[in-house]
Each structure stands twice: as structure tokens, then as C-alpha cells.
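**Student:** the following comprises the amino acid sequence and a computationally predicted model.
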Amino acid sequence: MSATSYFYLPSVSVLGAGSLNEIGEQASRLARRFLLITDTYLASTDITSRIRRLLAVKQIDMVIYDKVRPNPTLDSVNEAASLYAETGCGGVISLGGGSAHDCAKAVAVLAANPAPIEQYAGVDRFPNEGAPVITVNTTAGTASEITNCFLLTDTRSNTKLIFEGVNALASVAIDDPELMLTLPRDLTAATGMDALTHAIECYVSTASYKLTDELARIAVRYIFRSLPVAVTDPGDLDARDDMVYGQYMAGMAFGNGGVGLVHATAHALGGLYNLPHGLLNAVLLPHVMHFNKRQCDRRYAELYAAIEPLKAKDLPAGRGAAAFIAEVRQLSKAIGTDIPLHNLGVREEDFETIAAKALSDACCDTNPVCPARSDIIGILKSAY
């Protein structure tokens, strides 16, 4: 008999083309004034204007914080939290990808728990339920809109801090593929590979279980069939819709079954160099898969069967695993995310520091093979 498992998800998720139109109705049961957290570009687009109009129909006010940057920092969270308090907001709306959602969830936590936010790094450290959060997603990758965790960068130590707990869950998540039709090619590719990494790492995680396994397998199938189309033909709504569901299922999986060494190492690199998280995952994924293969032949072979059932039939596990790793590499090359670390500005003299930070990252705990510092340095060298 399997052990008891827990599954966390927002109270309400609204998915599909046109789902943004539901934001007024959803917001009306949560608060009368919201702080919208987004970046400068999205704040200037019609999406922000639409949200304001949809809220106004329900007599709901909106204040805007538009200074979110990739890899949100403690300072930006504190700044947004001050604006939230000063303007008497009762809830938060995030518009964007993982950076906006992470910042918004942190602000919501601070609305109900004493500062500083960094004291809550870890698992279930914030005792009080945060303010209501509505996450409006514009990328198909991070799944931060539905997970019970968020990451913030401490710029003083160049370290990414991980916060996790049921009180970090959004109240409502909105995934409208129409908002993703104009997403640039490079962001579509990187966030899509982020989602694929979530699914693959969760499938071999030591914390995975039956439900997360099923979700991860389906997510891998959706992403492999639709990510190349979404990259090459951004206006293909069917591909964008597939990616919404693929990344959503990957998020449900890893948000409850964990990830592994790809994420641990990407967090270390992102904190040190302020590089895009999804792109780092894409670069590292096949190299970590090769390292994990000694323990994961059967599991990787099962994922190969999910995308190539005829080719995988009667194939030994070792060959199936190798074929799946090759497929991951080929997908990354095809969409332009197969980039050497040295082209991203990573320095070999930092490998020791990166490896040490990765080893101390909680995501390492659920990797199927326990790495030594030398193993992580080897992975960095192979990806360099």
C-alpha cells in the first residue's frame, strides 16, 4: 500500500481561450481593491487595460506596480508590499510569468505575516494565510500560477531563496492561451522547456507518486507535440492551448512531486548571474538526465514510450532511456535553447561556488541520484 500523499492546487483555475474575461467575477468575491503586479511592458499593453475595465464593471479598483524584473528580488517585493499597504489593497493580481507570480505571492504573504520576507524561506514557515491572489498567466512554462512555492533573489548573497507552503497558493489561476499569441519566440521556447523540465524531473523525483506520474507523462506528450509549433508559428491557438494544458499538468505534477538537480543547479546559476530560469533548465536538462540515467533507465524509457509508442515497443530500458535523452536534446536544438553555458556568460572559475549552492538547494533532496560536488562540476563542464 502506498504512503499518504498530499496534493495542492489553487481553489479555482480558469483555463481556455477568453478565460481572462472571468477575472471580474472571480475578483468580486475576494476584495474591492487589488494591486496588479507586472512588468513595464505588460503594464503598457491592452491586457492591463482589459483587466482594469473588467474589474471596473464589478466596481473593483486597481493599483499598478510595474517594476517586476526577471528573478524578482527581496527589494522589489518590499517595494511592492509597501505600495500594497499604502493604497489599502485587499488582494493581489499578477500578470506575466513566474517572476510576476512569485513577487505577487510574496507580497500576499507579507500582507498577513510580519516582515522581513526572508525569514520565511523554507517549508511552511509563514503561519498566516496570505491575502487573496489572482494569477493571470502569459507564458506556458513556469506554472508558478498554480504552485505552492515562490523564489526570490537575495542580491546581497546572490542566492535564490525558496519559499513553500499551502499559504502561498493563489486563490485563482487564469490561463488564457490568447494572451500568449504574441509571446516572443525565445520566451516561448525557454518557458516551454521549463515546463518540460518540470515534468521530466518530477517523473524521476524520489517524491513522485501515482497521480504526479500520470500528470507528468501526459504533460511530456503535450509539450513534445506542441512546443515546436508554438515556437515556429506563434499565432497557432491550438498549439498555445496545448501548451497551457501541458505546462499546467507539469505544474500540478512538480508542485506536489518535486523536481531535482536541474532546478537546483539552475537556481544557483540564476542567483549568481541573473539568467532566465527556463533557459538554464533547457541547457542543463540533457546533461543531468545523462547523470541520472544510471538510476532512471526504466523511467526515462517510459517517457520515451509516451511520445514514441511504436518506436519504444520492445526496446530495452537502457536504449529507450538513451533515445528519450536524444529526443530532449533534439527538441532543445530545434527551438534554439541548446546554448553552451559559456555563451551565457558563465565562468569556469565559479563552478565550485555554483556546485556548493546547488548542493544546498532543497531541490537536490528529491533528485534520484545523490550528487557529490564533483558530479555537479562535471555536469557544468559538459554543459559549458
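**Tutor:** Thanks, I have the structure now.
**Student:** and the residue nearest the centre of the chain, helix, strand or coil?
**Tutor:** The structure's the chain has its C-alpha centroid closest to residue 142; by C-alpha atoms, centre = their mean the separation is 2.3 Å. What DSSP: H, G, I helix; E, B strand; the rest coil gives for residue 142 is coil.
**Student:** now swap in the one 10 residues further on and tell me
**Tutor:** Secondary structure assignment for residue 152 (three-state DSSP): strand.
**Student:** quick one: contacts for it?
**Tutor:** Going by C-beta atoms under 8 Å, 6 or more residues apart in numbering, residue 152 touches 72-74, 77, 102-103, 106, 117-118, 160-161, 163. Where C-beta positions appear, they are placed from N, C-alpha and C, glycine not excepted.
**Student:** switch to 10 Å and redo it
**Tutor:** 71-77, 99, 102-103, 105-106, 117-118, 121, 159-163, 271 (C-beta atoms under 10 Å, 6 or more residues apart in numbering).
**Student:** from residue 279, how far off is it?
**Tutor:** 19 Å (C-beta to C-beta, to the nearest Å).
**Student:** where exactly do the strands run in the stretch 151-300 of the chain?
**Tutor:** 159-164, 172-175 (DSSP state E, counting those that start in this stretch).
**Student:** please produce JSON lines containing those strands, extended by mean neighbour count.
**Tutor:** Listed next are the strands of the stretch 151-300 of the chain as JSON lines, based on neighbours: other C-beta atoms under 10 Å:
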{"stretch": "strand 159-164", "mean neighbour count": "21"}
{"stretch": "strand 172-175", "mean neighbour count": "27"}
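**Student:** any idea which of these gets closest to residue 196?
**Tutor:** strand 172-175 (17.0 Å; C-beta to C-beta).
**Student:** how distant is that closest one from the center of its chain?
**Tutor:** 14 Å (C-alpha atoms, centre = their mean, to the nearest Å).
**Student:** and that strand, which strands flank it?
**Tutor:** strand 12-15 (parallel), strand 133-137 (parallel) (DSSP bridges).
**Student:** just the ones you listed: most buried one?
**Tutor:** strand 133-137 (a mean of 29; mean count of other C-beta atoms under 10 Å).
**Student:** need the helices for the stretch 251-384 of the chain, in chain order.
**Tutor:** 261-273, 277-307, 309-312, 317-335, 351-359, 373-383 (DSSP state H, counting those that start in this stretch).
**Student:** rewinding a little: would you convert the strands paired with strand 172-175 into CSV that also reports distance to residue 215 and mean pLDDT?
**Tutor:** CSV is the format used below for the strands paired with strand 172-175 (distance: least, C-beta to C-beta, whole Å; pLDDT from 0 to 100):
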stretch, distance to residue 215, mean pLDDT
strand 12-15, 14, 97
strand 133-137, 17, 98
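**Student:** chain neighbours aside, what residue packs nearest to residue 106?
**Tutor:** residue 77 (4.4 Å; C-beta to C-beta, 6 or more residues apart in numbering).
**Student:** now swap in residue 217 and tell me
**Tutor:** residue 306 (4.9 Å).
**Student:** how close does the one you found sit to residue 264?
**Tutor:** Here the criterion is C-beta to C-beta. By it, residue 306 lies 25 Å from residue 264.
**Student:** returning to what we had before: now, of the contacts of residue 152, which are buried?
**Tutor:** Among the contacts of residue 152, those scoring as buried are 71-74, 76-77, 99, 102-103, 105-106, 117, 121, 159-163, 271 (criterion: 16 or more other C-beta atoms under 10 Å).
**Student:** where does pLDDT dip in the protein?
**Tutor:** The chain contains residues with pLDDT under 70 at 1-2.
**Student:** how near is residue 119 to residue 370?
**Tutor:** 29 Å.
**Student:** residue 77 now?
**Tutor:** 33 Å.
**Student:** could you find the closest non-adjacent residue to residue 195?
**Tutor:** residue 247 (3.8 Å).
**Student:** likewise for residue 344?
**Tutor:** Spatial nearest neighbour of residue 344, excluding adjacent residues (C-beta to C-beta, 6+ apart): residue 275 at 5.7 Å.
**Student:** tell me how many other residues surround that neighbour.
**Tutor:** 19 (other C-beta atoms under 10 Å).
**Student:** surely the residue nearest to residue 106 touches residue 151?
**Tutor:** No - if you go by C-beta atoms under 10 Å, residue 77 and residue 151 don't touch, sitting 11.1 Å apart.
**Student:** between those two, which contacts overlap?
**Tutor:** 102, 105-106.
**Student:** residue 344: which of the residues you listed is nearest?
**Tutor:** residue 102 (21.3 Å).
**Student:** backbone phi and psi for the closest one, please?
**Tutor:** phi -60, psi -40 (degrees, to the nearest 10).
**Student:** how about the one 10 residues further on?
**Tutor:** The phi/psi pair for residue 112 (degrees, to the nearest 10) reads phi -120, psi 0.
**Student:** thank you kindly, that will do.
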